[in-house]
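Engineer: Sequence first, predicted model second:
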Amino acid sequence: MSQNIIFLTEAASLQIKDMMKHNEEEDAYLRVGVKGGGCSGLSYGMSFEHEVKEDDFKFEQFGIKILVDKESAPIIKGTKIDYKQSMMGGGFTIENPNAIASCGCGSSFRTATEAGTPEEC
């Protein structure tokens, strides 16, 4: 597995650093992963964490220490996380090359190997 499983853009990294500072989490890791649920079967998760688990992949981009668990890694490998600002506010965008379907809200997706009945957003 490649060392960098996900790729942060500079805009995303600046927003994450601002969030870390605001929440007094500058020394934390950014955990990125997936969990079951959402309208398309899987949903993304990002959080600040201080504990590294034995099966975590660790890497760093733009000065941000990133953790991805072993189960999430193949599902999100190659994913690009960006931050877009607009007149209506801002938000993270996630482009996952492994997703074959995603919902209109953009927070959940389905891969070719993940089966299940989609729920509503």
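Structural biologist: Here it is on my side, so go on. Note that this is a predicted model, so its numbers are computed, not measured.
Engineer: Quick check: buried residues in the helix ranked longest in the chain?
Structural biologist: Assignment by DSSP state H gives helix 10-22 as the longest helix of the chain. For helix 10-22, a neighbour-count test (16 or more other CB atoms under 10 Å) marks Ala11, Ala12, Ser13, Gln15, Ile16, Met20 as buried. Placement of C-beta: from N, CA and C, glycine included.
Engineer: Of these, which is the nearest to Gln85?
Structural biologist: Ala11 (7.8 Å; CB to CB).
Engineer: Could you tell me how many residues sit around Ile5?
Structural biologist: Burial of Ile5, expressed as a neighbour count using other CB atoms under 10 Å, amounts to 20.
Engineer: Just list the residues touching Asn23, thanks.
Structural biologist: Shown in contact with Asn23 (CB atoms under 8 Å, 6 or more residues apart in numbering): Phe48.
Engineer: Look up how far Leu14 lies from it.
Structural biologist: Using CB to CB, to the nearest Å, one gets 15 Å for the distance from Asn23 to Leu14.
Engineer: Kindly report the same for Lys35.
Structural biologist: Taking CB to CB, one finds Lys35 at 26 Å from Leu14.
Engineer: Columns pLDDT on top of the buried residues of helix 10-22, output as JSON lines?
Structural biologist: Output for the buried residues of helix 10-22, formatted as JSON lines (pLDDT from 0 to 100):
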{"residue": "Ala11", "pLDDT": "96"}
{"residue": "Ala12", "pLDDT": "96"}
{"residue": "Ser13", "pLDDT": "97"}
{"residue": "Gln15", "pLDDT": "96"}
{"residue": "Ile16", "pLDDT": "97"}
{"residue": "Met20", "pLDDT": "97"}
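Engineer: which residues touch the residue sitting furthest away from the middle of the chain?
Structural biologist: In the chain, Met87 marks the outermost C-alpha relative to the chain mean, sitting 23.7 Å out by CA atoms, centre = their mean. Counting by CB under 8 Å, 6+ apart, Met87 touches no other residue.
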